[in-house]
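> Dropping a prediction and its sequence here:
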Amino acid sequence: MAVPDDPSERTLMTKQTFGATISALRKERGMTQLELARQMGVTDKAVSKWERNLSFPDVASLPKLAEVLGTSVDELLEVKTAAQEEPSGPKVPALVELVLKAVALAMGVGVTALVAMDEVEPRNALGLLGIGVACLALVQLAHHDPEKE
């Protein structure tokens, strides 16, 4: 099987784990795990662990691994982690919204409990409720769509 000269044509790609990248490149070169292991001076079990993401080759051996697999160290390490595969954008606003709602709820419950125990002055209670209302207002503003007006 011919190995493409153009890295963009390879099956090694940024959506793979490091282990999947090693496996794909090894297979492109028509090598077995044992053959790769012998060239790297390790056991085939070590190569198997690399490909299953159970261990990582010694950093000093990465240039040799890249050479044996017909790639560069940069390309070899260009993998995507699970965190990168999932867009983090929507999670952060959802977390912020959850925190704002929790603060609003805590303020409401706290003021109710403190008033029931006669432990808060009305002026302070209004300030705490104001914080809760401000949090809810921020949540509403996040969902506001000016085009619907």
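Right, received. Where do you want to start?

> Only C-alpha atoms from now on, for both contacts and neighbour counts.
Will do.

> Kindly tell me how buried residue 122 is, as a neighbour count.
Per other C-alpha atoms under 10 Å, the neighbour tally for residue 122 reads 12.

> How far does stretch 93-113 sit from its chain's centre?
Counting by C-alpha atoms, centre = their mean, to the nearest Å, stretch 93-113 is centred 27 Å from the centre of its parent chain.

> contact partners of that stretch?
The contact list for stretch 93-113, computed with C-alpha atoms under 8 Å, 6 or more residues apart in numbering, reads 120, 125, 128-129, 131-136, 138-139.

> The residues you listed into JSON lines, with extra columns for neighbour count and secondary structure?
Listed next are the contacts of stretch 93-113 as JSON lines, based on neighbours: other C-alpha atoms under 10 Å; DSSP: H, G, I helix; E, B strand; the rest coil:
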{"residue": "120", "neighbour count": "16", "secondary structure": "coil"}
{"residue": "125", "neighbour count": "18", "secondary structure": "helix"}
{"residue": "128", "neighbour count": "18", "secondary structure": "helix"}
{"residue": "129", "neighbour count": "20", "secondary structure": "helix"}
{"residue": "131", "neighbour count": "16", "secondary structure": "helix"}
{"residue": "132", "neighbour count": "20", "secondary structure": "helix"}
{"residue": "133", "neighbour count": "19", "secondary structure": "helix"}
{"residue": "134", "neighbour count": "15", "secondary structure": "helix"}
{"residue": "135", "neighbour count": "21", "secondary structure": "helix"}
{"residue": "136", "neighbour count": "19", "secondary structure": "helix"}
{"residue": "138", "neighbour count": "15", "secondary structure": "helix"}
{"residue": "139", "neighbour count": "19", "secondary structure": "helix"}
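
> Cool, thanks, signing off.
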